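**Student:** Take a look and give me a structure for this.
(one chain, ligands or ions: 1)
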Amino acid sequence: MARPKIALIGAGQIGGTLAHLIALKELGDVILFDIAEGTPQGKALDIAQSGPSEGFDATMTGTNSYADLAGADVCIVTAGVPRKPGMSRDDLIGINLKVMKSVGEGIKAHCPNAFVICITNPLDAMVWALREFSGLPHHKVVGMAGVLDSARFRHFLSLEFNVSMKDVTAFVLGGHGDTMVPSVRYSTVGGIPLPDLVAMGWTTQEKLDAIVQRTRDGGAEIVGLLKTGSAFYAPATSAIEMAEAYLKDQKRLLPCAAHVKGPYGLDGIYVGVPVIIGAGGVERVVEVKLDASEKAMLDKSIDAVKGLLTACKAIDPTLA
Ligand code: APR
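**Tutor:** Take a look at the predicted model:
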């Protein structure tokens with residue numbers, strides 16, 4: 001059977017890291033696309049030349065032509081600009097919305113059967129816009145944010161408790177921005193919920209509150225340190241987890257920016273919720289019971305996402 005074809009639209013920091021991870025994991029053949037001439041070709045050649053040492057056979061091709069995306073099974077979108085220190089993700093909306101238009105049209109014309117994972121920020125608005133521009137079914141277009149936010153939460157919790165990250169599960173809902181909702185009740189160490197660990201004296205409520213806030217600010221912390229761009233290793237790894245769930249029909253339960261119509265009282269908006277990803281794309285949106293304070297935080301986050309959608313529609317009236 002032919003290897004799956006994985007198109008990476010955007011060959012910058014995240015795009016290059018995605019290509020490398022796909023090669024190392026032998027998930028499929030890679031097409032790296034970018035508008036910058038030479039960048040996707042150069043990265044593809046560089047990664048291909050790590051093949052003899054790593055022992056992979058997946059092929060790497062760089063291109064500036066959308067036609068080369070034809071027949072892609074998975075498409076991961078990172079095209080656009082990342083933020084600089086002092087910027088919020090929302091500050092990128094004007095530039096990146098235009099990029100989503102050209103990328104969406106390229107996907108529609110050349111790989112309409114792909115499972116599409118969007119990473120470009122501001123995520124919840126860009127994945128919505130990409131779906132609108134591409135016209136693909138909602139269950140085949142999803143945004144990567146929750147896996148990354150949860151990974152950050154899990155990392156910080158593992159440091160606090162001095163336990164393996166493997167044993168920490170975490171749960172983040174809502175938009176990929178300052179209003180995201182890291183859920184303390186649904187996060188555990190080896191199945192023990194965080195409130196129980198506070199009661200057991202493993203940590204204090206104050207320390208837990210600080211970890212929740214550090215998770216919300218996780219992207220900005222890295223932007224502040226790097227100064228020239230935003231995080232790319234963990235974002236790429238998170239998107240690969242989602243792509244692998246689709247390609248291998250793993251039925252993973254992962255927090256993703258998915259189209260939600262019905263659950264959580266929503267009427268068709270992209271926002272971070274737990275979903276099942278398998279061969280059918282987003283196969284199910286999982287609605288968990290929220291208490292009053294979690295519901296209030298989620299509502300606030302949804303309002304922030306709706307504000308971004310209004311801004312998108314003002315910039316591009318065809319979206320209205
Ligand atoms: N079509 C294709 N590629 C484009 C386009 C376009 N219209 N516009 C820009 N690009 C390319 C750039 O040439 C660059 O190679 O997108 C790439 C983006 O790479 P980086 O600047 O290195 O950004 P990266 O760190 O990969 O982040 C990409 O993901 O997490 C988000 O906020 C982040 O929106 C940003 C995106």
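**Student:** okay, now the domains of the chain?
**Tutor:** Per the TED database, the structural domains of the chain span 5-143, 146-314.
**Student:** The longest one: end-to-end distance?
**Tutor:** If I follow you right, that is domain 146-314. One end of domain 146-314 sits 27 Å from the other (CA to CA, to the nearest Å).
**Student:** which of the domains of the chain sits most buried?
**Tutor:** Counting by mean count of other CB atoms under 10 Å, domain 5-143 has the highest mean neighbour count of those, with a mean of 21. For glycine as for every other residue, the C-beta is placed from the backbone atoms N, C-alpha and C.
**Student:** Residue of this protein closest to the ligand, please.
**Tutor:** Nearest residue of the chain to the ligand: Gly12, at 1.7 Å (CB to the nearest ligand atom).
**Student:** anything in the particular helix or strand that has Ala151 in it near the ligand?
**Tutor:** According to DSSP states H and E, Ala151 maps onto helix 146-161. No - applying CB under 6 Å from any ligand atom, one finds helix 146-161 separated from the ligand by no less than 8.7 Å.
**Student:** Residues contacting the helix or strand where Thr237 lies, please?
**Tutor:** For Thr237, the host element (DSSP H and E) is helix 233-247. For helix 233-247, the external contacting residues (CB atoms under 8 Å, 6 or more residues apart in numbering) are 4, 6, 14, 17-18, 21-22, 25, 27-28, 73-74, 76, 115, 117, 119, 142, 144, 147-148, 151-152, 250-252, 254, 256, 277-279, 281.
**Student:** Can you name every helix or strand that the strand ranked longest in the chain contacts?
**Tutor:** When the chain is parsed with DSSP state E, its longest strand is strand 267-278. Applying 3 or more CB pairs under 8 Å, 6 or more residues apart in numbering; DSSP states H and E, one finds that strand 267-278 contacts helix 123-134, strand 141-143, helix 146-161, strand 172-173, helix 233-247, strand 252-261, strand 281-285, helix 292-315.
**Student:** I'd like these laid out as JSON lines, including mean pLDDT.
**Tutor:** JSON lines is the format used below for the helices and strands packed on strand 267-278 (pLDDT from 0 to 100):
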{"stretch": "helix 123-134", "mean pLDDT": "97"}
{"stretch": "strand 141-143", "mean pLDDT": "98"}
{"stretch": "helix 146-161", "mean pLDDT": "97"}
{"stretch": "strand 172-173", "mean pLDDT": "92"}
{"stretch": "helix 233-247", "mean pLDDT": "98"}
{"stretch": "strand 252-261", "mean pLDDT": "97"}
{"stretch": "strand 281-285", "mean pLDDT": "98"}
{"stretch": "helix 292-315", "mean pLDDT": "94"}
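**Student:** What residues does this structure have near the ligand?
**Tutor:** Going by CB under 6 Å from any ligand atom, the residues of the chain near the ligand are 9-15, 34-36, 39, 78-83, 92, 96, 99, 102-103, 119-121, 229-230, 232, 235.
**Student:** if you set the cut-off to 8 Å instead, what comes out?
**Tutor:** 9-17, 33-36, 39, 78-83, 89, 92, 96, 98-99, 102-103, 119-121, 123, 126, 219, 229-232, 235 (CB under 8 Å from any ligand atom).
**Student:** which other helices and strands contact the helix holding Ala151?
**Tutor:** In terms of contacts (3+ CB pairs under 8 Å, 6+ apart), helix 146-161 is packed against strand 168-169, strand 172-173, strand 181-182, helix 205-216, helix 233-247, strand 252-261, strand 267-278.
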